[in-house]
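1. what's the 3D shape of this:
(one chain, ligands or ions: 1)
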Amino acid sequence: MAEALPVYEGAVDKGLEGVVACTTSISFIVGATLNYRGYTIEDLAANSTFEETTFLLWNDRLPTKAELEKFRKDLGAEMSLSPELVATLKTLPTNVHPMAWLRSAVSAMAMFDKEAQDMSPEANLRKSLRMTAKMTLLVTAFDRLRNKKDLVAPKPDKSLAYNFFWTLNGTEPDPEIVKTFDTCLILHADHELNNSAFAARVTASSLSDIYSAVVSAICALKGPLHGGANEQVMHMLKEIGTMDKARPWVEDALNNKVKVMGFGHRVYKNGDPRAKILRQMSDRLTAKLGQHHWFEMSDLIDDAMQNKKGLLPNVDFYSATVYYAMGIPIDIYTPIFAASRVAGWDAHIMEQWKNNRIYRPRGKWQGKENLTYTPIEKR
Ligand code: COA
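-> Numbers count the residues shown, from 1 in each chain. Predicted coordinates for the structure are as follows:
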């Protein structure tokens, strides 16, 4: 007689809600506050830069002036795409979703990194720096390649935010746009055990390499319930089209149980602090660039969602109009999220390896039991 199968009587934590899967000291959410390494997101958004925030995430402290200068220099030294990599990138189709392309591009990047399999902490830090410096360039390279334009060489002495616009458009960007974009990068850099960071940690926990873990994270971020929501928000605003249609559109969506992108959150139930900062940025920037109607429409939707469903905007809602006002193509909003979040993913992967145990949960059995194999001719 077949042995009785074990039955897991406990409730299944669907979506792992409330499950504590590891200890971490990278970022933490308490109520409606978010901090990175003990500093509030508001403090960092107002005072830091993406480069400094990345140093903070990887080193658990703010850098001195000399350390920051060195860090920026090291990032600058990695700010290029090798001819071999560019040749490979040119063979990839560009009529695909940019996140699918980015997934392959980062995987290809690993093929040309001689340190790809070196698991030493020093090599992993170097690879983190490399990936962070190059991810922005990959995003803009995708857009230029699909538009049959030559790639633009980055300026290594400038920030990643500056180089995003420089390598995307090949023209000198407006300093206020660069500053606002830099703040967006800070806001997206990490977020505790979010879906993609968890995916990265799960891959890292099998002692796979850092590139593989980051590619896993990119795959997870691509989904519309995670990073893919920001571009969906802009498509939604464009579909609504005019201000008078905003409230009826929301009512209709909620009546039909359609998820309105950019709202709701697994952890924040009283509002996402990043959305508050992005809301102000959207208000200011859309006004400056003559596109305030997008902010006003977003505001109406925000109000309707709160009144009808009690749901508040998350990081993706107002970032959509910020990027749109900046003239960034809608389908590269999620790749931009990746170019920022790679700093957090790397921090999580390196933290995972400091205290590793392979992730291997169980599933509660719901299938058939004790069947006997029937030869094919008797079925
Ligand atoms: N629009 C409409 N209803 C929503 C909603 C949204 N954006 N987000 C949640 N809800 C509703 C659900 O339908 C559910 O309602 P019900 O209890 O009447 O069935 C309830 O709120 C709980 O939502 P649930 O999907 O169980 O929450 P979750 O914790 O599993 O998922 C998100 C969290 C973020 C995935 C979810 O809110 C969502 O899909 N949001 C839209 C996508 C998005 O913006 N993602 C970016 C996250 S930063």
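2. show me the contacts for the closest residue to the ligand within the stretch 201-350 of the chain.
-> Closest to the ligand within the stretch 201-350 of the chain is G264: 2.4 Å, counting by CB to the nearest ligand atom. The C-beta positions use only the backbone N, C-alpha and C, and glycine is treated the same way. Shown in contact with G264 (CB atoms under 8 Å, 6 or more residues apart in numbering): 311-312, 314.
3. hmm, 6 Å instead?
-> Applying CB atoms under 6 Å, 6 or more residues apart in numbering to G264 gives the contacts L311.
4. distance check, it against I277.
-> G264 is 18 Å from I277, where distance means CB to CB, to the nearest Å.
5. ditto for R360
-> Note on R360: its distance to I277, by CB to CB, is 38 Å.
6. which SSE is immediately downstream of the helix or strand encompassing M135?
-> Assigned by DSSP states H and E, M135 belongs to helix 121-146. Per DSSP H and E, helix 121-146 leads on to helix 160-169 as the next helix or strand towards the C-terminus.
7. CA atoms of that following helix as PDB?
-> What follows is helix 160-169, C-alpha atoms only, in PDB (Å, rounded to 0.1, in the frame of the first residue of the first chain):
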ATOM      1  CA  LEU A 160      23.700  58.500 -14.800                       C
ATOM      2  CA  ALA A 161      20.600  60.700 -14.800                       C
ATOM      3  CA  TYR A 162      22.300  63.100 -17.200                       C
ATOM      4  CA  ASN A 163      23.600  60.300 -19.300                       C
ATOM      5  CA  PHE A 164      20.100  58.800 -19.600                       C
ATOM      6  CA  PHE A 165      18.900  61.800 -21.500                       C
ATOM      7  CA  TRP A 166      22.200  62.400 -23.300                       C
ATOM      8  CA  THR A 167      22.500  58.900 -24.700                       C
ATOM      9  CA  LEU A 168      18.700  58.700 -25.400                       C
ATOM     10  CA  ASN A 169      18.500  62.000 -27.400                       C
END
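8. what angle do the next helix-or-strand element following it and helix 160-169 make?
-> Downstream of helix 160-169, the next assigned helix or strand under DSSP H and E is helix 175-188. Here helix 175-188 runs at an angle of 120 degrees relative to helix 160-169 (axes from the mean of the first three to the mean of the last three CA atoms, to 10 degrees).
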